[in-house]
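1. Fold the following and give me the result.
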Amino acid sequence: MVVPPASGAGAGAAAMYELPLLAGHTTSSAQAMNDTGDVVGLSLDANRDGHLVRWGADGSLTPLQAIDDGSGGQAVKVVDDGTVAGFTDTPDGVRHAARWSASGTLTRLQEPAGYVNGEAQDINNAHVAVGHLSTDTATTRPVRWGADGRATVLRLLPRAEGGAATAINERGEITGYVSLPGDQTRLVRWDPAGRVHDLGSLGGSYADPSTINERGTVIGRATDANGTWKAVRAPHGKKIKALPSQDPGARAVSVNNSDVVVANVKDRSLRWSGTGTTVTELALLPGTGHTFVQGINDAGTSVGTSDERAVTWDAQGKVTALPAPAGLDQADPVAINAGGSVAGNMASSRAWPVQWRAVVWR
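-> Numbers count the residues shown, from 1 in each chain. Okay, here's the model as predicted:
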């Protein structure tokens, strides 16, 4: 299958293209996309066993090597040269952090003595990955893997009992959380030297990071003193603050490199300006009732759904439906890249069980 090249930032998605399956497989799932148009995800056989794959920008299919013929896992990130990070399972179900070359060759990321499993959650273009490792007593520690695959267990705040690293930027700054006594969590940032910085709280007990951008801004969510979840942002060197004009239960999901944040709350999707002072509700398609935003690129274009239909929103919040062939009425867009191409999944509600297929819009 040949997928045409992207038509440029802001040009919009002209058509949808299904991505190919491994031989004998029946369904697939896109999980991430890079700015050059590569997509990573799963190709699933008739038993619903998933095998990690990378689809090139031209739609070509490359299997990602498994550990001891295991299956399952997740490809969490593909960087510009086609290198993939994520995790995969051995046949006995034990999960291991991994990195794959553009040709699909597996590198198991180091598990130092005492650790038995792990997950990579992000990787940058220098091939530095972050995630967590666990002991056989389920103690979880945040970790950074260098380009050589060797692990460095990251420092914790005083009194912290564990944690996880969830995202890394190109400068090597990392965000994640630490676990405190009493089943509490707290947002943190690690600088390139490995020092840990407490990002504060809203007065509540829990925090959950989403990502860190190239300016070092961290977004996520945290509970206030009443236990209400709020979308939060912490510019570089500052503590978290709740984003203004939001209802209870908001969850920040993406930020671009101009500090524009998108979030979901109940059945609504919101967009905050780079200064955080202006909030815009992302519009519904006519005849639909709820929206769900999944991400935003540096051009300010967001992607998500309006009811079950895939859509994009421009920088002013105007909504545009992404094209879908007749019969495919369920959409799950997962990522938008710098050129405006979108990766996701499509299915028909008339089939049971639902047969999802990985797709790109260009």
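2. any weak-confidence spans in this structure?
-> The model of the chain has pLDDT under 70 over residues 1-2, 4-13.
3. and residue 129, what does it touch?
-> 85, 97, 99, 109, 120, 122, 123, 144, 145, 168 (CB atoms under 8 Å, 6 or more residues apart in numbering). From N, CA and C alone the C-beta is placed, and that goes for glycine too.
4. can you rerun that using 10 Å?
-> The contact partners of residue 129, by CB atoms under 10 Å, 6 or more residues apart in numbering, come to 76-77, 79, 83, 85-86, 97-99, 107, 109, 120-123, 143-147, 149, 151, 165, 168.
5. try residue 143
-> 97, 109-112, 115, 118-121, 129-133, 151-154, 163-165, 174, 176.
6. now residue 249
-> 221, 228, 229, 230, 231, 264, 265, 266.
7. ok, so what distance separates the nearest residue to residue 183 once chain neighbours are set aside from residue 139?
-> The shortest distance from residue 183 to any non-neighbouring residue, by CB to CB, 6 or more residues apart in numbering, is to residue 205 (7.7 Å). As judged by CB to CB, to the nearest Å, residue 205 and residue 139 stand 20 Å apart.
8. Could you check how many residues crowd around the residue nearest to residue 277 when sequence neighbours are not counted?
-> With sequence-adjacent residues excluded and distances taken as CB to CB, 6+ apart, residue 277 is closest to residue 244, at 7.2 Å. By other CB atoms under 10 Å, the residues close to residue 244 number 11.
9. Now residue 244: which helix or strand?
-> Under the criterion DSSP states H and E, no helix or strand holds residue 244.
10. surely residue 216 meets residue 167?
-> No. If you go by CB atoms under 10 Å, residue 216 and residue 167 don't touch, sitting 11.3 Å apart.
11. which residues do these two both contact?
-> Here residue 216 and residue 167 have 173, 175, 189 as joint contacts, going by CB under 10 Å, 6+ apart.
12. Highest neighbour count among these?
-> residue 175 (29 neighbours).
13. Parallel or antiparallel, which strands does the host helix or strand of residue 143 pair with?
-> According to DSSP H and E, residue 143 maps onto strand 140-145. Note on strand 140-145: by DSSP bridges, its sheet partners are strand 129-135 (antiparallel), strand 151-153 (antiparallel).
14. about what we covered before: name the next helix or strand downstream of the helix or strand hosting the residue nearest to residue 183, please.
-> Using DSSP H and E, residue 205 falls within strand 203-212. Remark: after strand 203-212, the chain's next helix or strand is strand 218-224, criterion DSSP H and E.
15. what packs against that next one?
-> Packed against strand 218-224 by the contact rule (3 or more CB pairs under 10 Å, 6 or more residues apart in numbering; DSSP states H and E) you find strand 162-168, strand 174-180, strand 184-190, strand 203-212, strand 229-234, strand 241-242, strand 251-255, strand 261-265.
16. host element of the residue positioned nearest the centre of the chain?
-> Centroid-nearest residue in the chain: residue 76, 6.3 Å away (criterion: CA atoms, centre = their mean). Per DSSP H and E, residue 76 falls inside strand 74-78.
17. Pull up the pairing partners for that strand, direction included.
-> Short version: by DSSP bridges, strand 74-78 pairs with strand 84-89 (antiparallel).
18. Give me the next element, helix or strand, following the strand it pairs with.
-> Strand 84-89 is succeeded, C-terminally, by strand 95-100 (DSSP H and E).
19. Does that next one pack against any helices or strands, and if so which?
-> Judged by 3+ CB pairs under 10 Å, 6+ apart, the packing partners of strand 95-100 are strand 50-55, strand 74-78, strand 84-89, strand 106-108, strand 115-123, strand 129-135, strand 140-145.
20. Now that we have these, can you turn them into TSV and tack on distance to residue 339?
-> Output for the helices and strands packed on strand 95-100, formatted as TSV (distance: least, CB to CB, whole Å):
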stretch	distance to residue 339
strand 50-55	16
strand 74-78	15
strand 84-89	20
strand 106-108	29
strand 115-123	20
strand 129-135	25
strand 140-145	29
